[in-house]
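Q: output the structure for:
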Amino acid sequence: MQHTLKGSVIFEGVGLHLGKPVQMVVKPARAGHGIWFKRTDIALGNTLVPALWDIVERTPLCTRLINEAGVSVSTVEHIMAALAGCGVHNALIEIDGPEVPILDGSSAPFVRAIMARGLRSQGEPVLAYRVLKPVTVENGDAKATLMPSDRLKIEFHIDFEDKAIGRQTKTLDMRNGAFARELCDSRTFCRKADVDMMRDNGLALGGTLENAVVVDGDDVLTPGGLRHEDEAVRHKMLDALGDLALAGAPILGHYVGERAGHALTNTLLRALFDTPGAVELVTCDAAMTAWLPGRGLIWSEIPAEIPHVA
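A: Prediction:
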């Protein structure tokens with residue numbers, strides 16, 4: 001069955017790139033509504049922005065949605081991953097600025113607040129996109145693929161010169177609350193040189209060592225170190241789930257990302273829906289629904305106290 005929240009959840013923080021304070025309220029919505037953003041700081045025109053792949057402005061740093069009126073919401077990937085990972089299918093997200101608050105740089109604060117509020121079953125079956133044949137897109141040495149599978153699997157491979165990250169690989173079956181248990185507390189990460197460059201260009205103004213893992217060669221500069229030894233690849237998988245959630249319905253398929261980012265994952269969704277016979281919309285029966293992300297999530301498995309490893 002489709003699910004929405006039992007009540008509204010409020011988040012306050014700053015946006016990662018502009019660094020301005022923002023309030024975001026995630027509200028319940030009717031069955032079949034999907035996920036929509038609403039800019040409450042704009043008085044005139046169309047302020048509703050659907051969380052869909054075909055209005056993504058492809059940028060390397062984050063996922064930005066922009067509607068036909070030019071109204072945008074950026075850095076949506078972490079809240080979208082949280083909603084997908086908690087099994088929320090319908091919600092209205094009111095936000096009084098152009099960026100989703102970055103909070104601690106992961107999805108964990110969103111997950112904890114959503115699950116503390118609780119979910120309400122809506123009595124309507126879940127629709128999902130089933131991948132029927134492989135689709136691959138490439139950009140230089142980066143590649144992203146979706147292959148047929150009876151459930152969502154996410155596989156990711158990264159390779160960085162900085163030894164603090166290096167080469168990391170991870171694969172997860174996203175059933176049984178795997179997102180909340182394995183991925184949701186993994187933070188965005190970047191190289192110190194990239195942070196300096198972004199700051200020089202007026203970006204990452206809201207970024208701090210408290211909401212990102214910053215590395216410099218062998219060293220992790222963020223106080224407390226890492227939450228997982230492979231936190232970087234886990235965060236890439238978190239981002240992938242959030243970007244795939246912009247399909248507008250859960251995906252039944254095996255995603256493989258190799259050095260992929262937000263823009264390439266969106267390009268993959270565009271290719272999936274543009275390729276004849278590559279995907280079909282199906283109504284999930286009880287067995288299929290039980291395999292979706294968010295089902296089987298246990299409160300005790302949600303990271304409450306943030307672990308660190310040296």
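Q: you'd agree Phe11 is up against Val111?
A: No: using C-beta atoms under 8 Å as the test, Phe11 is too far from Val111 to be in contact (11.7 Å). C-beta coordinates here come from the backbone N, C-alpha and C atoms, glycine included.
Q: the two - which one has more neighbours?
A: The neighbour comparison of Phe11 against Val111 (other C-beta atoms under 10 Å) goes to Val111, with 27 against 18.
Q: hey, C-alpha coordinates of the helix or strand that contains the more buried one in PDB?
A: Following DSSP states H and E, one finds Val111 within helix 108-117. Coordinates of the C-alpha atoms in helix 108-117 are reproduced here as PDB (Å, rounded to 0.1, in the frame of the first residue of the first chain):
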ATOM      1  CA  ALA A 108      19.700  10.600   9.000                       C
ATOM      2  CA  PRO A 109      18.000  13.700  10.500                       C
ATOM      3  CA  PHE A 110      15.300  13.400   7.900                       C
ATOM      4  CA  VAL A 111      14.900   9.700   8.500                       C
ATOM      5  CA  ARG A 112      14.700  10.000  12.200                       C
ATOM      6  CA  ALA A 113      12.100  12.800  12.100                       C
ATOM      7  CA  ILE A 114       9.900  11.000   9.500                       C
ATOM      8  CA  MET A 115       9.900   7.700  11.400                       C
ATOM      9  CA  ALA A 116       9.300   9.400  14.700                       C
ATOM     10  CA  ARG A 117       6.200  11.100  13.300                       C
END
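Q: tell me what the following helix or strand past it is packed against?
A: Sequence-wise, the next helix or strand downstream of helix 108-117 (DSSP H and E) is strand 119-121. Contacts defined by 3 or more C-beta pairs under 8 Å, 6 or more residues apart in numbering; DSSP states H and E place strand 119-121 against strand 3-5.
Q: chain center to stretch 73-82: distance?
A: Stretch 73-82 sits 5 Å away from the centroid of its parent chain (C-alpha atoms, centre = their mean, to the nearest Å).
Q: residues contacting that stretch, please?
A: Contact with stretch 73-82 is made by 15-17, 24, 26, 35, 37, 39, 49, 51, 62-65, 93, 95, 98-100, 102-103, 106-107, 110-111, 114, 179, 183-184, 238-239, 241-243, 245-246, 262, as judged by C-beta atoms under 8 Å, 6 or more residues apart in numbering.
Q: ends of it, what's the gap?
A: 17 Å (C-alpha to C-alpha, to the nearest Å).
Q: repeat that for stretch 170-182.
A: 11 Å.
Q: which residue of the chain lies farthest from its centroid?
A: Leu44 (29.0 Å; C-alpha atoms, centre = their mean).
Q: helix, strand or coil for the nearest residue to Leu252 once chain neighbours are set aside?
A: Excluding its sequence neighbours, the residue lying closest to Leu252 (C-beta to C-beta, 6 or more residues apart in numbering) is Arg130, at 4.4 Å. Three-state call for Arg130 (DSSP: H, G, I helix; E, B strand; the rest coil): strand.
Q: these two touch, right, Arg130 and Pro250?
A: No: with contacts counted by C-beta under 8 Å, Arg130 stays clear of Pro250, the gap being 9.7 Å.
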